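>>> Need a 3D model of the sequence below.
(chains A and B)
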Amino acid sequence: MRSPILLLLPIALAAQVSFERIRDAHREPWNWLTYSGGYYSQRYSELTGIAPANAARLDLKWVFQASARDKFETTPLVVDGVMYLTQPPNDIVALDARTGRVFWTFEYNPNPRADPCCGKINRGLGILGGTLFMGTIDAHLLAIDARTGKLLWDTPVFDFSQGYALTHAPLAIKDKVIVGTAGGEFGIQGFIAAYDAKTGKEVWKFHTIPGPGEPGHETWSGDSWKRGGASIWVTGSYDPALNLTYWGIGNPGPDWNPDVRQGDNLYSDCVVALDADTGKLKWHFQFTPHDEWDWDAVQVPVLADMDWQGKPRKLMLWGNRNAFFYVLDRATGEFLLGKPFAKQNWASGLDAKGRPVKIPGMGPSLEGKLVYPGVQGATNWYSPAFSPRTGLFYLPVWEDYASVYHKFDADYQAGKRYLGGTPRSVVSPTRREQIKLWSSEAGHGAVRAIDPKTGAPRWEFRMDDVTDSGLVATASGLLFSGSREGHFYALDARDGKVLWRKYLGGQVIAGPVTFAVDGKQLVSVAAGNSIFTFGL
Amino acid sequence: MRAAFFLAALCAAQESPFNTAADLDNGARLYRANCGVCHGLDGKGSRGPDLTTGKFRHGGRDEDLFRSINDGIKGTEMPPIWLEGRQTWQIIAYLRSLAARPRAESGAGDPVQGRAIFEGKGGCLACHRVGDAGSRTGPDLSDAGARFSRADLERDILRPGERVAPRNWYIRAEHRDGRTIRGRRLNEDTYSVQLIDADERLIGLVKADLKSYRIVKESPMPSYQGKLTAAETANLVAWLASLR
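Numbers count the residues shown, from 1 in each chain, chains lettered A, B, ... in the order given. Here you go, the predicted model:
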């Protein structure tokens, strides 16, 4: 039996998650300190307790049944034996990662009129020092004491009634906490902003649509920039050596009527590299200029240091909703490689700078235009993973999936949906149907392993239904994934073979996390309304 | 819950405020873009029900229609249609105009004689169910008149393979134990399939236990072309159209 002092020590540490600890998160793989497991957002764990040789023995350890009133998209944080998660819309739960028993809950009641597209959901938390940070669906940023669940500060970020909302997990860097606004379906003007972690005061703000006089403003015809969307749905990444933070930016509005916003519509559908201290733009890369299909760059930027054509290079790996996989130089934004990873019929390819060569006539129309990929994209916000051990990039994919895109007039009213059309597809966009009648020919899910050096697929694990699940890779050679059907998988990261699976009965619409308590590795995933935790 | 719900609540017991000719035109356009895929460009139904009868199964008041369009209809394939409130009202105005048109096709055929064919010569009850009579293995036709236009019903009788909804697809499987299993597919995932067989048994199959497995998207229904006279077909259509 341990001494009381040793038992207390981890709890004392839990109160102080310094910037340095987050920066070096790979050195304490028993914890999960950011939404994507570390600033590089690889969702890669150094833990090796659960391995291909023993994964078949994985067993249920505990279940936490949340009072989730909407899609349960939370990714937990784990800090020295304490798990922090959100339950929709905006509650925080701190629980014992050994047993699933609750230490405290924090309940926030967002304004009942807050009704973001698409769902009253939350994807998770940030932590810095002893403080948790959460964005709310009525566009507040909250700081909460990680020991007690007490509210420390509450900063209204913007007016929710105009369609602004915060749904992603905040990213803490140095002494700041960074969030971006959702609301791209409401004609908002998107932004990413940093707040002082101690006081909640705004430190910098980057407008994702350039205002008059700013470079890029000319990429919006007329005054369309005022309603151009370009929102933020998932947490960004950070390179401490370059001091750059990277964020994927959402679609231009109105989604499906591009006629009213001629031009490339910067910085919609871009990744931007911002100075973490000032928010100043260092570079941008636009995946889908003048987007006509709602293909947000709503993906987590995955950072990797790899040899590129014989030389070490700082890379960014990106499987985009538009069905192309990209490799960029993250110091400069230079396009290095791009290849389609799923069926698409809208572009004949990418040019030397990575700009898509669009096939004419594939935009939405009144009668409807059948386009691959469909509106949810060939992938979406579901977190990918990268394993430095296998050198492979793992991506949740929707294959053979199309929508018929219809266009109609777009009339802007503040706080109302500003869409300009509608897509139709056989596959349900986000929700699992209890009865699934369409066949996988209309679209199916897969986990694909891509070799970043060539963009070529290495292996595929195919599912019957589509998938909304994120991934996590481990140093032991495992890849964990869930599925919309409600299965949870341990795959062999080398070849995609199923080593273990369990039917959890609820849609997995979040990423799994892995951590260790008392030296024993566990893996947790949200499915349906519950968190399921497995170990050996 | 969506903003539309609150808008609907605010507009409760209110009739469509958008009834001008311009509203109707816009409603027609919006209908084609948003509703026509399932309810047919003429509103007479295909995958979704006929909307030209003036009767709506989930409530026929303007506020009911508003709610059905905005929130979708739980337990059906009707999804929420995200539109501006004004646009939703314009669609409702257009639906009212459809229902007000004379139904040229009504009145043809004798439903009483049609029923006799359905239950006798046609042998339809061997697969279909109406009320508490017949088999559960084929599509239930208890409310066929509410869901399908007369043209659709006639087509399904004469050319049943032309339109087979996924809910009517069949499974043909060979089990490792030697059994051949055939039934209407109720649900499916990567590892299993759920069905109802010809003896009306609910069967769950694990795909790993099967030697072969196939989704049959063709209709198992025989064509009645040449088996029924034109008058008999019209009578049968009249009977089915009367089922609501």
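>>> Close to chain A: what parts of chain B are there?
B:1-3, B:6, B:26, B:29-30, B:32-34, B:37, B:81-86, B:166-167, B:169, B:185-191, B:215, B:217 (C-beta under 8 Å from any C-beta of the partner chain). The way it works is simple: take the backbone N, C-alpha and C, and place the C-beta from them, glycine included.
>>> just the buried members of the residues you listed?
Applying a neighbour-count criterion of 16 or more other C-beta atoms under 10 Å in any protein chain shown, the buried members of the residues of chain B next to chain A are B:2-3, B:26, B:29-30, B:32-34, B:37, B:81-85, B:166, B:169, B:185-186, B:188-190, B:215.
>>> Can you tell me the SS state at the residue of chain B most remote from its centre?
The outermost residue of chain B relative to its centre, with distances by C-alpha atoms, centre = their mean, is B:Asp177 at 37.2 Å. Remark: B:Asp177 carries the secondary structure label coil [criterion: DSSP: H, G, I helix; E, B strand; the rest coil].
>>> and if you look at A:Asn109?
Reducing the assignment to helix, strand or coil with three-state DSSP, the entry for A:Asn109 is coil.
>>> Point out where chain B drops to low pLDDT.
For chain B, applying pLDDT under 70 flags the ranges B:1-16, B:46-47, B:75, B:101-107.
>>> In it, mark out all the strands, start to finish.
Listed in chain order, the strands of chain B (DSSP state E) span residues B:129-130, B:133-134, B:170-175, B:180-188, B:192-197, B:202-206, B:210-216.
>>> What distance do you get for A:Ala402 to chain B?
Per C-beta to the nearest C-beta, to the nearest Å, A:Ala402 is found 13 Å from chain B.
>>> Just the pLDDT at that residue, thanks.
Turning to A:Ala402, the model gives it a pLDDT of 96.
>>> Show me the helices in chain A, by range?
For chain A, the helices identified by DSSP state H occupy A:4-14, A:19-23, in order along the chain.
>>> Now tell me which of these the model trusts least on average.
The weakest mean pLDDT among the helices of chain A belongs to helix A:4-14, with a mean of 44.
>>> Over to the residue nearest to the spatial centre of chain A: give its phi and psi.
Per C-alpha atoms, centre = their mean, the C-alpha nearest to the average position across chain A is that of A:Val234, at 3.9 Å. As for A:Val234, its main-chain torsions (degrees, to the nearest 10) stand at phi -130, psi 160.
>>> What's opposite B:Ser212 in the beta bridge?
Using DSSP bridges, the bridge partners assigned to B:Ser212 are B:Glu174.
>>> Verify the stated contact: it with B:Ile171.
No - in terms of C-beta atoms under 8 Å, B:Ser212 does not count as a neighbour of B:Ile171; the distance is 10.9 Å.
>>> neighbour count winner among those two?
Set B:Ser212 next to B:Ile171 and count neighbours by other C-beta atoms under 10 Å in any protein chain shown: B:Ile171 wins out with 23 against 9.
>>> what's the distance between the more buried one and A:Lys280?
Plainly put, B:Ile171 is 60 Å away from A:Lys280 if you go by C-beta to C-beta, to the nearest Å.
>>> quick one: buried residues of the longest helix belonging to chain B?
The single longest helix within chain B, with elements called by DSSP H, is helix B:85-100. Of the residues in helix B:85-100, those buried under the neighbour-count criterion (16+ other C-beta under 10 Å) are B:85, B:87-96, B:98-99.
>>> which one of the residues you listed is nearest B:Leu141?
Sorting the buried residues of helix B:85-100 by distance to B:Leu141 puts B:Ala99 at the head of the list, at 22.9 Å, by C-beta to C-beta.
>>> Report the contact partners of the closest one.
With contacts defined as C-beta atoms under 8 Å, 6 or more residues apart in numbering or on different chains, the neighbours of B:Ala99 are B:Leu51, B:Thr52, B:Thr53, B:Gly54.
>>> repeat that with 6 Å
B:Thr52, B:Gly54 (C-beta atoms under 6 Å, 6 or more residues apart in numbering or on different chains).
>>> what's around A:Phe19, how many residues?
Neighbours around A:Phe19, by other C-beta under 10 Å: 17.
>>> Let me fix that, I meant to ask about A:Gly421.
For A:Gly421, the neighbour count with other C-beta under 10 Å is 25.
>>> One more: A:Gly187?
As a burial measure, the neighbour count of A:Gly187 was computed by other C-beta under 10 Å and equals 25.
>>> okay, how far is it across stretch A:434-453, tip to tip?
As for stretch A:434-453, its first-to-last residue distance stands at 40 Å under the measure C-alpha to C-alpha, to the nearest Å.
>>> Same check on stretch A:501-521?
Start and end residues of stretch A:501-521 are separated by 17 Å (C-alpha to C-alpha).
>>> what's the average pLDDT for that stretch?
Mean pLDDT, stretch A:501-521: 97.
>>> And that stretch, what's buried?
In terms of neighbour count (16+ other C-beta under 10 Å), stretch A:501-521 has its buried residues at A:501-502, A:504, A:506-517, A:521.
>>> what does stretch B:57-69 give?
Buried residues in stretch B:57-69, counting neighbours by 16+ other C-beta under 10 Å, are found at B:Asp62, B:Glu63, B:Leu65, B:Phe66, B:Arg67, B:Ser68, B:Ile69.
>>> what's the burial count for residue 236?
Going with chain A. Residues contacting A:Gly236 under the criterion other C-beta under 10 Å number 29.
>>> wait, I meant chain B there
One way to gauge burial is a neighbour count; for B:Leu236, by other C-beta under 10 Å, it gives 27.
>>> Touching, it and B:Gly114? I think so.
Yes - assessed by C-beta atoms under 6 Å, B:Leu236 is found in contact with B:Gly114 at 4.4 Å.
>>> Please identify every residue contacting each of these two.
Contacts common to B:Leu236 and B:Gly114, judged by C-beta under 6 Å, 6+ apart, are absent.
>>> For the stretch 51-200 of chain A, which residue gets nearest to chain B?
Using C-beta to the nearest C-beta, the single residue of the stretch 51-200 of chain A nearest to chain B is A:Asp115, 4.7 Å away.
>>> Quick check: that residue vs A:Lys416, distance?
When C-beta to C-beta is applied, the distance between A:Asp115 and A:Lys416 equals 11 Å.
>>> what do you get for B:Met221?
When C-beta to C-beta is applied, the distance between B:Met221 and A:Lys416 equals 46 Å.
>>> These two: which is more packed in?
For the pair B:Met221 and A:Lys416, the greater number of neighbours falls to A:Lys416 (21 against 17), based on other C-beta under 10 Å.
>>> ok, the more buried one to A:Leu317 distance?
Separation of A:Lys416 from A:Leu317 (C-beta to C-beta): 37 Å.
>>> just the buried residues of stretch A:501-521 now: which is nearest chain B?
A:Arg501 (8.2 Å).
>>> correct me, but that closest one touches A:Tyr489?
Yes - between A:Arg501 and A:Tyr489 there is a contact under C-beta under 6 Å: 4.9 Å.
>>> so how many other residues sit close to the closest residue to A:Ser224 other than its chain neighbours?
Beyond its immediate neighbours in the sequence, the residue positioned closest to A:Ser224 (C-beta to C-beta, 6 or more residues apart in numbering or on different chains) is A:Arg261, lying 3.8 Å away. Residues contacting A:Arg261 under the criterion other C-beta under 10 Å number 26.
>>> Check the spacing between A:Arg261 and A:Trp153 real quick.
When A:Arg261 is compared with A:Trp153 (using C-beta to C-beta), they lie 37 Å apart.
>>> One more: A:Trp225?
In terms of C-beta to C-beta, A:Trp225 sits 32 Å off from A:Trp153.
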